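Student: 3D model of this:
(one chain, ligands or ions: 1)
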Amino acid sequence: MTKDQIFEFFRRLAEDNPSPQTELEFGNCYQLLVAVALSAQATDVGVNKATRALFARVQTPQQMLDLGEEGLKEHIKTIGLFNSKAKNVMELSRILVEQYGGEVPDNREALVTLPGVGRKTANVVLNCWFGQETFAVDTHIFRVGNRTGLAKGKTPEQVEAKLEKRVPAPFRVGAHHWLILHGRYVCKARTPECWRCKVADLCSFRKKVLEKPKGR
Ligand code: SF4
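Tutor: As a prediction, the model looks like this:
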């Protein structure tokens, strides 16, 4: 894609949704961090179902420590890998209390030292709470980046590096959301809905599905 095409690509994605938000539910930065840590290999809908009651009770890392690992497991047992996620959330809560005064640090270097927090989780928190220009490459962004030609790469890190380079200034904070939403609802994994895609003319995917399959 050319520079102008990339600008137009984001302009169109932004048009209908000028202030995109994550679909995870949270009330503060700590809850966002926990929700993102729980969302690995799980859907946002599934995480929200589990965290509604949890977050009504737990708003701070200290309150999580007071709840305890078994109490946390009771809340999140419907989420995949809940045993190891519970362990990580307890440990990261302990570190936040002991080393950061109960606050979530606003830089990637510190975030990725927390148990269960990788580069992607850190990027989501930095983007969604701190408003930083980060690109958390999940399965949707990886697919959309590669299919469209916007940011081709064999690994999430390569796609992230391309996005860093190519996303134009006005769209850098929202890009992460627009690409996820586009991948989740239009440029779907199995059958991309190219017949209703507003950026189809800019996309370089060779196997576009331009006619709606019967029965859909
Ligand atoms: S045209 Fe198809 S493959 Fe390209 S971005 Fe749109 S939905 Fe995805």
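Student: give me the most central residue, the chain.
Tutor: The chain has Val124 as the residue nearest its centroid, 5.3 Å off, counting by CA atoms, centre = their mean.
Student: show me the contacts for it.
Tutor: 22, 32, 36, 134, 136, 176 (CB atoms under 8 Å, 6 or more residues apart in numbering). Quick note: C-beta positions are derived from backbone N, CA and C, even for glycine.
Student: helix or strand for it, which one?
Tutor: Using DSSP states H and E, Val124 sits in helix 119-128.
Student: CA atoms of that helix as PDB?
Tutor: What follows is helix 119-128 as a C-alpha-only set of coordinates in PDB (Å, rounded to 0.1, in the frame of the first residue of the first chain):
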ATOM      1  CA  ARG A 119       4.700  -7.200  25.100                       C
ATOM      2  CA  LYS A 120       1.200  -7.400  23.700                       C
ATOM      3  CA  THR A 121      -0.600  -7.000  27.100                       C
ATOM      4  CA  ALA A 122       1.700  -4.100  27.900                       C
ATOM      5  CA  ASN A 123       1.000  -2.500  24.600                       C
ATOM      6  CA  VAL A 124      -2.800  -2.800  25.200                       C
ATOM      7  CA  VAL A 125      -2.500  -1.100  28.600                       C
ATOM      8  CA  LEU A 126      -0.300   1.600  27.400                       C
ATOM      9  CA  ASN A 127      -2.600   2.300  24.500                       C
ATOM     10  CA  CYS A 128      -6.000   1.900  26.100                       C
END
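Student: tell me the buried residues in the longest helix anywhere in the chain?
Tutor: Using DSSP state H to define each element, the chain has its longest helix at helix 82-100. Judged by neighbour count using 16 or more other CB atoms under 10 Å, the buried positions of helix 82-100 are 82, 85-86, 88-90, 92-93, 95-97.
Student: what ranges do the helices span in this structure?
Tutor: Remark: helices assigned in the chain by DSSP H are 3-15, 29-38, 44-57, 61-67, 69-76, 82-100, 108-111, 119-128, 139-148, 156-166, 175-185.
Student: any chance of these in JSON lines, plus distance to the ligand?
Tutor: JSON lines is the format used below for the helices of the chain (distance: least, CB to the nearest ligand atom, whole Å):
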{"stretch": "helix 3-15", "distance to the ligand": "9"}
{"stretch": "helix 29-38", "distance to the ligand": "25"}
{"stretch": "helix 44-57", "distance to the ligand": "20"}
{"stretch": "helix 61-67", "distance to the ligand": "39"}
{"stretch": "helix 69-76", "distance to the ligand": "33"}
{"stretch": "helix 82-100", "distance to the ligand": "31"}
{"stretch": "helix 108-111", "distance to the ligand": "29"}
{"stretch": "helix 119-128", "distance to the ligand": "21"}
{"stretch": "helix 139-148", "distance to the ligand": "4"}
{"stretch": "helix 156-166", "distance to the ligand": "15"}
{"stretch": "helix 175-185", "distance to the ligand": "7"}
